[in-house]
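> Here you go, sequence then predicted model.
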Amino acid sequence: APFPLRMKGKVVSGFGRGSKELGIPTANIPVEGVSWIDEAESGVYFGWAGIQLPTSHPSLSPVPPSSSTAPPEDKVAEGWRIYPMVMSIGYNPFYKNKVRSAEVHVLHKFETDFYGSEMAISILGYIRPEYDYVSVEALIEDINTDIEVSKRSLEREAWQKGREDRYLWGEE
Ligand code: ADP
Ligand code: MG
């Protein structure tokens, strides 16, 4: 399927592989019912994530409408924010690698978790396939490169446009 690839759902618990301990938490979204998921290439992708944070969430400071994290005003009031993201689509080792998984690392420092929150993502590009790593250090190094690639790509005008996708604040 062509970009953007979209999916949304509530953030669920992952397999506790300790992403957070590595400093790169990944928000898991269920892939059931996502039409394009089976034919998607496994690997690392970048794009935008919209999240509806609970109104009590400490990271929900007021944002001016011009801010890069702000969707339309009424959606801001409902707790929606938009962030750049890098994500992996792969196979869930928990289900003997028969079931796909989608994990999103949001490029923003949050003060607390947001399990249960609605998250909508729009994937704009593919970075690389998945590799097997001999060391955690090598894995982290690659992820840090992915993060840099994503940030730089999303800063470009062509990808900035992708922030205006209404899907990112919960619309169809
Ligand atoms: P799990 O195995 O449950 O997915 P992780 O260690 O991957 O555990 O942590 C993921 C959780 O961390 C997310 O569900 C979310 O609530 C929280 N979180 C905090 N900051 C981020 C972030 N920048 N990107 C993704 N998730 C984050
Ligand atoms: Mg995770």
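Arrived safely, thanks for sending. Numbering: from 1, shown residues only. Ligands and ions are numbered 1, 2, ... in the order given.
> use CA for all of it now, contacts and neighbours both
Will do.
> Pull the contacting residues for whichever residue of the chain sits closest to ligand 2.
Closest to ligand 2 within the chain is Thr26: 3.7 Å, counting by Cα to the ion. For Thr26, the contact set (Cα atoms under 8 Å, 6 or more residues apart in numbering) comprises Ser19, Lys20, Met87, Glu103, Val104, His105, Val106.
> Would you mind giving the residues you listed as CSV with pLDDT, distance to ligand 2 and neighbour count added?
Conversion of these to CSV gives the following (pLDDT from 0 to 100; distance: Cα to the ion, whole Å; neighbours: other Cα atoms under 10 Å):
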residue, pLDDT, distance to ligand 2, neighbour count
Ser19, 83, 6, 14
Lys20, 83, 8, 10
Met87, 97, 10, 28
Glu103, 95, 6, 21
Val104, 97, 8, 25
His105, 97, 8, 19
Val106, 97, 11, 24
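> which residues of this protein fall in strands?
Assigned by DSSP state E, the chain shows strands spanning 5-10, 27-29, 43-52, 80-91, 100-106, 118-128.
> which one of those strands is the most hemmed in?
The highest mean neighbour count among those, using mean count of other Cα atoms under 10 Å, belongs to strand 43-52: a mean of 25.
> Can you pull out the residues in contact with it?
Outside strand 43-52, the residues that touch it by Cα under 8 Å, 6+ apart are 78-90, 106, 117-130, 146, 150, 154, 162-163, 168-170.
> about what we covered before: can you pick out the most distant pair from the contacts of Thr26?
Pairwise distances across these (Cα to Cα) peak at 14.4 Å, for the pair Lys20 and Met87.
> Just want the angle from the lengthiest helix in the chain to strand 118-128.
When the chain is parsed with DSSP state H, its longest helix is helix 136-155. Calculated by axes from the mean of the first three to the mean of the last three Cα atoms, to 10 degrees, helix 136-155 forms an angle of 110 degrees with strand 118-128.
> quick one: contacts for Gly14?
Ala27, Asn28.
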